[in-house]
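1. Return atomic coordinates for the entry below.
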Amino acid sequence: AITLNAIPNETFSGTGLTSVSIPAKTTSVGQRAFAFCNNLTDITIEDGTEPLEFAVGYYGVFYYSDATDKNVYVGRNLTYTDGEQLVSNIATLELGPQLTTIKNKMFDGSTLTSVKTHWVDALTTCPENAFNSATYSGATLYVPGGTIDTYKATDYWNNFTNTTYWSYVVTLTSSAHGKL
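-> Sure, this is the predicted structure:
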C-alpha cells in the first residue's frame, strides 16, 4: 500500500478504482483527485485527529464519479469551502467518533438510506441543511445504544423520522466473589 501525505490534483482521475481508503496521515486531497472514477462505491476517510483538507468547488475531489449507492465513512473533520457537498450518490454513511464538525450541505447531494453515528452525545454542530429532506424522512439514523432520547432532543438530529440503535449498552456487575 502507498501512503501519501497529500494526494495531488487528478492523481487517480479516470481510473477504475472501486474503493479508496484515505489514511489518517494524509492531510490534503487535490481537485479532481478521484474524478471520473465511475466504479468508485466505497470511500473511507480514516479516523484521525488532524483535519483533511479537500479541494472542492465546481471541480471537487470526486467530480463526476457517477457510481450510485456509495458507502462512505468519514472518520475525521474535513476542511473545504462551506456550502459544498462532499460526495454525491451516497447510500450509506457512517460518521466516526473523531468527526466533530459537519458543514452546511455536506451530504445534501445524496438521498441516504442510512446514517450511523458513534457519538454518545449527539453532535450539536450539525447544521439543518447538512442533509436533505428526503434523507431526514427516508433514512434510518443508527445511534449508539441508550442514546435515542439524546438524539431526539438535539436539533437537526431530531429531524430524522426513523432512529434506532446499532449497539446496546450492557451493564455487568460482579458479585463479592468476583463472578459475574
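
2. Please name the residues that touch the most centrally placed residue in the chain.
-> The centre of the chain sits closest to V74, judged by CA atoms, centre = their mean, with a distance of 3.5 Å. Each residue near V74 by CB atoms under 8 Å, 6 or more residues apart in numbering is listed here: 45, 86, 93-96, 99. All C-beta spots, glycine's among them, are computed from the backbone N, C-alpha and C.

3. need the helices for the chain, in chain order.
-> 133-138, 148-152 (DSSP state H).

4. can you list those helices in JSON lines and add mean pLDDT, mean neighbour count and distance to V115?
-> Formatted as JSON lines, the helices of the chain follow (pLDDT from 0 to 100; neighbours: other CB atoms under 10 Å; distance: least, CB to CB, whole Å):
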{"stretch": "helix 133-138", "mean pLDDT": "94", "mean neighbour count": "15", "distance to V115": "7"}
{"stretch": "helix 148-152", "mean pLDDT": "95", "mean neighbour count": "15", "distance to V115": "11"}
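
5. could you dump those to CSV with distance to A35?
-> Shown next, in CSV, are these (distance: least, CB to CB, whole Å):
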stretch, distance to A35
helix 133-138, 24
helix 148-152, 35
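
6. Tell me which of these approaches G16 most closely.
-> helix 133-138 (29.0 Å; CB to CB).

7. Kind regards, and thank you for your time.
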